[in-house]
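S.K.: When you get a sec, could you give me coordinates for this:
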Amino acid sequence: MTQEIVDLCEKAAELNYSEPLRNGNIIELPDSGKVIVTGDLHGHCKNFKRIAAHADLANNPDTYLILQEILHGGQEDTHGGCLSFRLFFDILKLKLQYPRQVHLVMGNHDTAIITDSDVIKGGKEMNEAMKHSLKSCFESDFEEVHEALKEYLLSQPLAVKTSGGIWISHSLPADRYISDFDIDLFDTELFPDDLLRGEPAYYLTWGRKHSQEKLDEFAKALGVKIFILGHQKQDDGFKKAGDNLIILTSEHNHGTLLTFDIEKEYTTDELVGCIIPLASIEA
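M.R.: Alright, predicted model coming up:
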């Protein structure tokens, strides 16, 4: 099983780096098709089944599924270890099956895994919780699997962008970092040290609570109109958090997804109207 998982991570990473739609660290979607955007998933297996059923990728070859923050959360082993890697590996299999359609964007829990930094969720340090279960599952092969997982996570794009000016990423830099943010980050090769606290990729994936002034400033710098993010948990599954910002959550029973047609122009309110409760989807 170890070699199967290592190969899975390596092949998925190769697909990320060779993706024809990728420009630097951004996936630039074509001018037509449908996009399905999800929020943080954090090991929620049932909601992923609903997302996959809604996407129905086999019968919708022009649908692009954007996923984020899959690891850390969900099912636990008998010792409280985090088993979210099981869902993650299933999602990588889906990516191998539909490489042009499935895209995972980098989140802050991913950067914490890559840099082996502490990250707290629900009062638990999640890196240690997941390592515990990985060691139980892979035993002496743990290091090989863990390294392959980290290499995959590093290969992920930072954002997805449509020609109509919709930007999808895990988060944005907090207000105090936006004005000086180095957007060359989206064009440069990433290394693990680039994800440490104090580096641009860290600020991009960890930022919260954005003012309208700074959202407008960053939108102008990136040449986009509307942001769709995750990272900030929403009890109702989503929030319109600014004139041009929607935040999605997919990790609980009130989780949501957002689906829209690439070729259409949308206002933020119109995109809010495209949000679907995951509990309404049969899987």
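S.K.: Can you tell me what sits against the worst-scoring helix or strand of the chain on mean pLDDT?
M.R.: Least confident helix or strand, the chain: strand 120-121 with a mean of 89, by mean pLDDT, DSSP states H and E. Strand 120-121 is contacted from outside by 42, 72, 73, 109, 126, using Cβ atoms under 8 Å, 6 or more residues apart in numbering. Every residue, glycine included, has its C-beta placed from N, CA and C.
S.K.: Residue 182: neighbour count?
M.R.: When neighbours are defined as other Cβ atoms under 10 Å, residue 182 has 11 of them.
S.K.: Test my guess that it contacts residue 201.
M.R.: No: using Cβ atoms under 8 Å, residue 182 is not in contact with residue 201, being 10.0 Å away.
S.K.: which one of the contacts of strand 120-121 is nearest residue 267?
M.R.: Each of the contacts of strand 120-121 was scored against residue 267 by Cβ to Cβ, and residue 42 proved nearest at 29.7 Å.
S.K.: and the closest residue to the closest one other than its chain neighbours, what does it touch?
M.R.: Leaving aside its chain neighbours, residue 42 sits nearest to residue 73 (3.0 Å; criterion: Cβ to Cβ, 6 or more residues apart in numbering). Contact analysis of residue 73 by Cβ under 8 Å, 6+ apart lists 41, 42, 43, 44, 82, 84, 121, 122, 126, 251.
S.K.: Backbone dihedrals for residue 140, both of them.
M.R.: Residue 140 adopts backbone torsions of phi -70, psi -10, taken as degrees, to the nearest 10.
S.K.: what about the helices in the stretch 51-200 of the chain?
M.R.: Secondary structure of the stretch 51-200 of the chain by DSSP state H, counting those that start in this stretch: the helices cover 84-97, 108-115, 126-138, 142-155, 175-178, 200-206.
S.K.: what sits up against the fourth one?
M.R.: Outside helix 142-155, the residues that touch it by Cβ under 8 Å, 6+ apart are 2, 5-6, 9-10, 12-14, 16-17, 85, 88, 92, 106, 110-111, 113-114, 131, 134-135, 138, 190-192, 195.
S.K.: From the chain's centroid, how far away is that helix?
M.R.: Using Cα atoms, centre = their mean, to the nearest Å, the mean C-alpha position of helix 142-155 is found 17 Å from that of the whole chain.
S.K.: With the third one instead?
M.R.: Offset of helix 126-138 from its chain centre (Cα atoms, centre = their mean): 21 Å.
S.K.: for that helix, packing partners?
M.R.: Applying 3 or more Cβ pairs under 8 Å, 6 or more residues apart in numbering; DSSP states H and E, one finds that helix 126-138 makes contact with helix 84-97, helix 108-115, helix 142-155.
S.K.: Could you save those helices as TSV and add columns showing distance to residue 53?
M.R.: Below are those laid out as TSV (distance: least, Cβ to Cβ, whole Å):
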stretch	distance to residue 53
helix 84-97	12
helix 108-115	25
helix 142-155	25
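S.K.: Give me whichever of the ones you listed is most buried.
M.R.: Compared across the helices and strands packed on helix 126-138, helix 108-115 shows the largest average neighbour count, a mean of 24 (mean count of other Cβ atoms under 10 Å).
S.K.: which other helices and strands contact that one?
M.R.: Helix 108-115 packs on helix 126-138, helix 142-155, helix 200-206, going by 3+ Cβ pairs under 8 Å, 6+ apart.
S.K.: Many thanks, I have nothing further to ask.
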